[in-house]
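Student: structure, please.
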Amino acid sequence: MTDALETFDPLARARGRGRRYAVEEYAESRNLTLSRASDLIRLSPEAIRALHVANQLYRLPDPSGTGVWRYPQWQFNAQPLRLACLLQMFAESNRWALHSFMMGRREALDGKSPAEAILDEATDIQLVVNLALMVLQGEQGAI
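Tutor: Sure, this is the predicted structure:
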């Protein structure tokens, strides 16, 4: 039976799935608090914030709206230019859309996620860039 809200809002289920994904992913230990990230990479919290502002790192907002951010750990191991070129492409996108893109396994990358491909310097970064372009063009084309 269809929920009354879904009758009026056909995207309600998709939003619900997105919210559940954000809540579960935010809680994952691989997404670090600013303090844990600072300890891990031995940079001050201010330096990490500066990298974020310079679009060299990304962070995830708390879906419950506390204003607390988490930093995906994988990106601290990435070659900065490989990561930055992708982050620049997603500069206007929702951070959860970016994170979902980065973590999702893709056939075009031989089953790797874009994050894994960025970390694997043997993988041609242009493959990830091309995939990101297709995803972003799809986002912009959807109304």
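Student: how close does residue 78 sit to residue 42?
Tutor: Using C-beta to C-beta, to the nearest Å, one gets 17 Å for the distance from residue 78 to residue 42. Placement of C-beta: from N, CA and C, glycine included.
Student: compare the two (neighbour count), which wins?
Tutor: Residue environment comparison for residue 78 versus residue 42 gives the larger neighbour count to residue 78, 18 against 7, counting by other C-beta atoms under 10 Å.
Student: is that one in contact with residue 120, as I believe?
Tutor: No - using C-beta atoms under 8 Å, residue 78 is not in contact with residue 120; the gap is 10.0 Å.
Student: mutual contacts of those two, please.
Tutor: Counting by C-beta atoms under 8 Å, 6 or more residues apart in numbering, residue 78 and residue 120 have no contacts in common.
Student: strand partners (parallel or antiparallel) of the biggest strand by length in the chain?
Tutor: Of all the segments of type strand in the chain, defined by DSSP state E, the longest one is strand 69-72. Here strand 69-72 has these sheet partners by DSSP bridges: strand 31-32 (antiparallel), strand 60-61 (antiparallel).
Student: contacts for it, please.
Tutor: Taking contacts as C-beta under 8 Å, 6+ apart, the residues outside strand 69-72 that touch it are 26, 30-34, 37, 48, 52, 57-62, 99, 102, 115.
Student: before we move on, what about stretch 121-136?
Tutor: 79, 82, 85-86, 89-90, 93, 101, 106, 108-109, 112, 114, 117-118.
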